[in-house]
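S.K.: Generate a structure from the sequence data that follows.
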Amino acid sequence: MALRLKSLTLASFLIPSNRNDWDRHLSAKHNRILIVDDHQDICASMRDILDDVGYEVVVTGNANDALEQVDLTPFDVVLLDYQMPDMNGAALLRIIKQKQKAVTAFLITAYAGSTGAQDALNIGATAVLQKPINVVELLGYLADAERA
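M.R.: Below is the predicted model:
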């Protein structure tokens, strides 16, 4: 399986250093994942990586578009950036959880120790992932979510 990685992916993500770490995660079910981040390069890179391991991925760049997607279809997992111009990730998670109570959520932030990160955990986020995102860690969390 060829891995489509853009050059800025390497700056945005910590990629597995050997093929065995990567292959361990290639058994993904076709779970639907919503990624919400106002940085298009991060969204595109995450989409490419998650597509490659078998997830069905929808990407939006803002909270309003994310809520439209949530109204249209159920998601198994949402990955939410905390710092967005129209609404922070914790506030967005609160609304998404009202609409889709069973969704598994992860907050993505450059500021993992912030009060916003704690707010997201209190609302129901499974974990807070710090940028740059460690792909092996993310895939591990997603695998755990599938088993739950």
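S.K.: Can you name the residues that contact Leu80?
M.R.: The neighbours of Leu80, taking C-beta atoms under 8 Å, 6 or more residues apart in numbering as the test, are 36-37, 66, 89, 92-93, 96, 105-108, 120, 125. For the C-beta atoms, the positions are set from N, CA and C on the backbone; glycine is no exception.
S.K.: Give me the secondary structure label for it.
M.R.: strand (DSSP: H, G, I helix; E, B strand; the rest coil).
S.K.: hey, what's it bridged with?
M.R.: When bridges are called by DSSP bridges, Leu80 pairs up with Val36, Leu107.
S.K.: residue contacts, the most centrally placed residue in the chain?
M.R.: The centroid of the chain falls nearest to Leu79 when counting by C-alpha atoms, centre = their mean (2.7 Å). The neighbours of Leu79, taking C-beta under 8 Å, 6+ apart as the test, are Ile33, Leu34, Ile35, Val36, Asp37, Met46, Ala105, Phe106, Ile108, Leu129.
S.K.: Identify the spatial nearest neighbour of it, chain neighbours not counted.
M.R.: Ile35 (4.7 Å; C-beta to C-beta, 6 or more residues apart in numbering).
S.K.: residues near the closest residue in space to Thr73 that isn't next to it in sequence, how many?
M.R.: Leaving aside its sequence neighbours, Thr73 sits nearest to Arg32 (C-beta to C-beta, 6+ apart; 7.0 Å). Neighbour count for Arg32, taken as other C-beta atoms under 10 Å: 16.
S.K.: Next up, the contacts around Arg32.
M.R.: Contacts of Arg32 (C-beta under 8 Å, 6+ apart): Tyr55, Glu56, Val57, Val58, Thr73, Pro74, Phe75, Asp76, Val77.
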